[in-house]
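J.: predicted coordinates and the sequence they were generated for:
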Amino acid sequence: MAISRAQLVKELEPGLNALFGLEYARYDNEDKEIFDSESSDRAFEEEVMLAGFAGAPVKNEGAGVSFDTANEVFTARYTHETIALAFSVTEEAVEDNLYDRLSARYTRALARSMANTKQVKAAAVLNNAFAAAGAAGTNPGGDGVSLVNTQHPLQSGGFLQNRLATDADLNETSLEQSLIDIAAFLDERGLRTAIKGMKLIVPRQLQFSADRLMNSTLRVGTADNDINAIRNMSMIPEGYVVNHYLTDADAFYIKTDCPNGFKHFVRTPLKTVMEGDFDTGNIRYKARERYSYGFSDPRCVFGTSGA
């Protein structure tokens, strides 16, 4: 008795799904070191950033209490993208018993493609962090400027700076200055924040420099017996991570503990579907997911593009 196309699909789909899952899992989810994931049930998500209150004033005896208003500053929008790819195996390949070999190879390639695109999309938030607003491929924040900038406008007047005033390569001096600048962060009303640097993010080219700076007991590159203050003071408690999808070889970033920072919205989780095509006799296999990456509060990161 000949097996029908529908039966063939039903028999082979579980095996291909398992193969897809195994190959997909081989690639590290480097985005999870940067982004907090949330689910979404809309075409896009918006997050309204509020200014907070000014400093609390003195209340004189018998006087009424002062009131303040937390005004809306800007809105950050996350527009989901659909990522999908498919392959087909011809009816003739199935007849010639080439299906198992071809489908296994194609399924692995499809998993690799989907995993790679996801990491590229995530890393693009940092790769475009220094680009001028309006430049190709940029994603300015809700305040209208790039993620890492010296000119984030504040409601109280003046600017927030989450970029070194003079870009520098990764070394002890630039890392210490970055932490000093993070400690100077102000909120929209000009109040000092308690934001701290938590994690150093570097491209693969800087992983060895980062390891020496973060893990050496003594200062790096000196004959002095001075301690490594960054390590001794636990200034970056989550250490460093290497992101292999960063494109600038000398840029580095410090992720902070600022809430409502880097976000990854999942609209539709990764799903695979297999079906037979009546017209051509081909067997088709598709992978699809829908998501977005972005940021709300630029205080979530401090960075420099390197010297």
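T.: Perfect, I can see it now. Residues are numbered from 1 along each chain as shown.
J.: show me the contacts for residue 19.
T.: Residue 19 makes contact with 104, 107, 108, 111, according to CB atoms under 8 Å, 6 or more residues apart in numbering. For the C-beta atoms, the positions are set from N, CA and C on the backbone; glycine is no exception.
J.: now with 10 Å?
T.: Residues in contact with residue 19 (CB atoms under 10 Å, 6 or more residues apart in numbering) are 103, 104, 105, 106, 107, 108, 110, 111.
J.: what's the neighbour count on the closest residue to residue 281 other than its chain neighbours?
T.: Spatially, and ignoring its direct neighbours in sequence, residue 281 is nearest to residue 91 (3.0 Å; CB to CB, 6 or more residues apart in numbering). Using other CB atoms under 10 Å, residue 91 has 16 other residues around it.
J.: one more: residue 217?
T.: 8.
J.: residue 195 too?
T.: By other CB under 10 Å, neighbour count at residue 195 equals 22.
J.: please apply the same query to residue 85.
T.: Count around residue 85 with other CB under 10 Å applied: 14.
J.: which residues of this structure score low on pLDDT?
T.: Residue ranges of the chain with pLDDT under 70: 1-12, 97-100, 132-139.
J.: ranges for the strands of it?
T.: 36-39, 44-50, 72-79, 81-89, 152-153, 159-160, 197-202, 240-242, 252-256, 262-276, 283-295, 301-304 (DSSP state E).
J.: shouldn't the residue nearest to residue 281 be in contact with residue 280?
T.: Yes - the criterion here is CB atoms under 10 Å, and residue 91 meets it with residue 280 at 6.8 Å.
J.: list the residues that contact residue 25.
T.: 111, 115 are the contacts of residue 25 under CB under 10 Å, 6+ apart.
J.: sorry, back to before: can you list the strands of the chain in a markdown table and add distance to residue 13?
T.: Shown next, in a markdown table, are these (distance: least, CB to CB, whole Å):
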| stretch | distance to residue 13 |
| --- | --- |
| strand 36-39 | 26 |
| strand 44-50 | 33 |
| strand 72-79 | 32 |
| strand 81-89 | 13 |
| strand 152-153 | 50 |
| strand 159-160 | 52 |
| strand 197-202 | 39 |
| strand 240-242 | 36 |
| strand 252-256 | 40 |
| strand 262-276 | 4 |
| strand 283-295 | 8 |
| strand 301-304 | 42 |
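J.: of all these, which lies closest to residue 128?
T.: strand 283-295 (10.7 Å; CB to CB).
J.: which elements pack onto that closest one?
T.: If contacts are counted by 3 or more CB pairs under 10 Å, 6 or more residues apart in numbering; DSSP states H and E, strand 283-295 sits against helix 5-25, strand 44-50, strand 72-79, strand 81-89, helix 91-95, helix 99-127, strand 262-276.
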